[in-house]
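Participant: Predicted model, plus sequence, below.
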2 protein chains.
Amino acid sequence: MSVKKIVDEVGTSKGGFYHYFSSKDEVLFLIHDEFITYALQKANEGFNNHESPTNKLRDIIINFVKVFDIYQAHISVFYQEQIYLPERYETMIKKKRDQFRDIIIETIQLGVESGEFRKELHPVITGMSLLGMVNWIYKWYRKDGEKSIEEIARYFEDIIIHAVIK
Amino acid sequence: MSVKKIVDEVGTSKGGFYHYFSSKDEVLFLIHDEFITYALQKANEGFNNHESPTNKLRDIIINFVKVFDIYQAHISVFYQEQIYLPERYETMIKKKRDQFRDIIIETIQLGVESGEFRKELHPVITGMSLLGMVNWIYKWYRKDGEKSIEEIARYFEDIIIHAVIK
DNA sequence: ATTAACAGACCAATCAGTCTGTACATTATT
DNA sequence: AATAATGTACAGACTGATTGGTCTGTTAAT
């Protein structure tokens, strides 16, 4: 998506665009950062608001899934243009993505240690599979689809909890 | 990745490139098609080689995960350049992707009907979550990583079977 | 003598970003 | 109150770089 197409679509001009933003990359970064910051905050809250790993995980999953409804437009851009982010921006985004991932892995680790989750689980691989199944939602979720985001969130909660629980 | 960069990397020229291929898009299509055709064939075999849905699913998962080792290079290109595939190529690829997805959904459906899988499962959502978790492997799997692809495949098999089984 | 297999200069299109200009609002000066 | 000076918010023509693809060779095998 070129800057020309963007400004035409919005009904402004390149002059307008570059008056408010220093580069196309900056806008790309702002889009990325906005929803990642939100998702990370929710994951942190989910982690801190509960005692048991099971409840931590339930909370994290539900809010993670809902992000794909709230920030659908942001996320479409994120996955299409990700590889074009210049390194200094990518570094900042990656830091937050890594924190998010680590919260999930840590939660699974805690669940295994507390005995709530199956001890055969590999926290990293289980965490990455959880990240994958939820992230993939952006490929098929439609706001006007058959199932609401709340229903989808509950299905995911059910699937994941069954996968990890003893 | 421009054609210039591709031919420089390979040590040939644009003349050579366009002697063998009609366009850059054609090469992109060939890359996509090769591994999707393979994955689809394996999924079909997995579906047909077993009686019980559980065994169908186990077979499909194992071979699906292994695709990410066999075709790692192809898949990197696939996810980076997917949006640039012209429509007539995209249509052909999509047909195979849809078939692959439908095999998975059908397998879950059969498992629910036979009573091997939990009856609360929504075959489509469960299928999409399976697709997501495995597809996501391309984001983090490294051939020289800690775990072999066979180990990862077994972890995924374990996670998914626990998620769906009664 | 013909053709397959290349090499690389070249071309038209497209892109992000710049630059000059202008309309309008706000503030300062008389 | 009237006018001048300044600044903000754009518009869009233009530029240099890059791109996919073409075209005119050249080499070497048949």
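Facilitator: Nice, thanks for sending it over. Residues are numbered from 1 along each chain as shown, chains lettered A, B, ... in the order given.
Participant: and the helix or strand of chain A with the lowest mean pLDDT, what does it pack onto?
Facilitator: In chain A, no helix or strand scores lower on mean pLDDT, DSSP states H and E than helix A:72-81, which sits at a mean of 90. Contacts defined by 3 or more CB pairs under 8 Å, 6 or more residues apart in numbering or on different chains; DSSP states H and E place helix A:72-81 against helix A:24-48, helix A:137-140. Every residue, glycine included, has its C-beta placed from N, CA and C.
Participant: could I get those as JSON lines with mean neighbour count and distance to residue B:120?
Facilitator: Output for the helices and strands packed on helix A:72-81, formatted as JSON lines (neighbours: other CB atoms under 10 Å in any protein chain shown; distance: least, CB to CB, whole Å):
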{"stretch": "helix A:24-48", "mean neighbour count": "17", "distance to residue B:120": "23"}
{"stretch": "helix A:137-140", "mean neighbour count": "17", "distance to residue B:120": "19"}
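Participant: Quick check: which of those is nearest to chain B?
Facilitator: With respect to chain B, and counting by CB to the nearest CB, the nearest of these is helix A:137-140 at 5.4 Å.
Participant: hey, C-alpha coordinates of the closest one in PDB?
Facilitator: This file holds the C-alpha atoms of helix A:137-140, laid out as PDB (Å, rounded to 0.1, in the frame of the first residue of the first chain):
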ATOM      1  CA  ILE A 137      -7.300 -15.800  14.200                       C
ATOM      2  CA  TYR A 138      -6.500 -12.800  12.100                       C
ATOM      3  CA  LYS A 139      -6.500 -15.000   9.000                       C
ATOM      4  CA  TRP A 140     -10.100 -16.100   9.400                       C
END
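Participant: does any part of that helix sit near chain B?
Facilitator: Yes. Applying CB under 8 Å from any CB of the partner chain, one finds helix A:137-140 touching chain B at A:137, A:139-140.
Participant: what residues does that helix touch?
Facilitator: Residues from elsewhere that reach helix A:137-140 (CB atoms under 8 Å, 6 or more residues apart in numbering or on different chains): A:65, A:68, A:72, A:75-76, A:79, A:152, B:128, B:132.
Participant: Now, of these, which are buried?
Facilitator: Listed as buried from those are A:65, A:68, A:72, A:75, A:152, B:128, B:132; burial here means 16 or more other CB atoms under 10 Å in any protein chain shown.
Participant: Also near DNA strand C: which of those, exactly?
Facilitator: For DNA strand C, no contacts are drawn from the buried ones among the contacts of helix A:137-140 by CB under 7 Å from any atom of the strand.
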